[in-house]
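Q: The sequence isn't on hand, but the structure is:
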């Protein structure tokens, strides 16, 4: 008989509720075995469900999406339009001359599938050359309404510049050549979106 096997079903237990086999090992009753098995299963379920819940909580947190986006470049029929260039950091971009009060060139960054239902911080890459204009970046919703404007004097910056505080619900970002200046350079490279 195995040390943990119980004797015949009609065997009587001692007054201490334990019985010993001939080697002095405690025999466990059928009820005790069921209780220990049930308790072990319950303990495993609680431990596992706790880690599963923790995993589900971790997964349910929205992940930040960082995306680099280049604009579409539009020539609106006046001025000289867009010119291709590469700056000192070997970053490709386009530039256009500013045109006073008439919008002749515009650049539009659109990743609304990522940014429209999230809060995003946005950085603009300002080229090291052909970027001297004071440009206003317009943040727009899907219905075309303006969320905010953020101005960057490109003359004083190069590399990535943060465009203000994070914003919820960006559909697209737009710059245009009608900034009130004539003949300065408006550089347009990538925007970096960090959406949570």
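A: It's in. None of these values were measured; they are calculated from a predicted model.
Q: how about residue 123, what does it touch?
A: Contacts of residue 123 were listed using C-beta atoms under 8 Å, 6 or more residues apart in numbering, and they are 160-163, 191-192, 194. Every C-beta, even on glycine, is put in place using the N, C-alpha and C of the backbone.
Q: Can you turn the buried subset of the residues you listed into a selection I can paste into ChimeraX?
A: Here is the ChimeraX command that selects only those of the contacts of residue 123 that count as buried (16 or more other C-beta atoms under 10 Å):
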select :161,163,191,192,194
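Q: List just the nearest of the contacts of residue 123 to residue 66.
A: Each of the contacts of residue 123 was scored against residue 66 by C-beta to C-beta, and residue 194 proved nearest at 5.0 Å.
Q: if we can go back for a sec, of the contacts of residue 123, which pair is most distant in space?
A: Using C-beta to C-beta, the two most remote members of the contacts of residue 123 are 161 and 194, lying 13.8 Å apart.
Q: tell me the domain boundaries of the chain?
A: As assigned by automatic domain parsing, the chain contains the domains 1-61, 65-195.
Q: So residue 113 belongs to a helix, correct?
A: Yes: note on residue 113: a helix contains this position according to DSSP: H, G, I helix; E, B strand; the rest coil.
Q: Could you find the closest non-adjacent residue to residue 74?
A: Beyond its immediate neighbours in the sequence, the residue positioned closest to residue 74 (C-beta to C-beta, 6 or more residues apart in numbering) is residue 106, lying 4.9 Å away.
Q: make that residue 130, sorry
A: With sequence-adjacent residues excluded and distances taken as C-beta to C-beta, 6+ apart, residue 130 is closest to residue 95, at 3.9 Å.
Q: Let me know the helix or strand that the one you found is in.
A: With secondary structure defined by DSSP states H and E, residue 95 is part of strand 92-99.
Q: now residue 66
A: Under the criterion of DSSP H and E, residue 66 resides in strand 65-69.
Q: next structured bit after that strand?
A: Toward the C-terminal end, the helix or strand that comes next after strand 65-69 (DSSP H and E) is strand 72-75.
Q: what comes into contact with that next one?
A: Taking C-beta under 8 Å, 6+ apart as the criterion, the residues outside strand 72-75 that touch it are 81-82, 94, 104-108, 110, 188.
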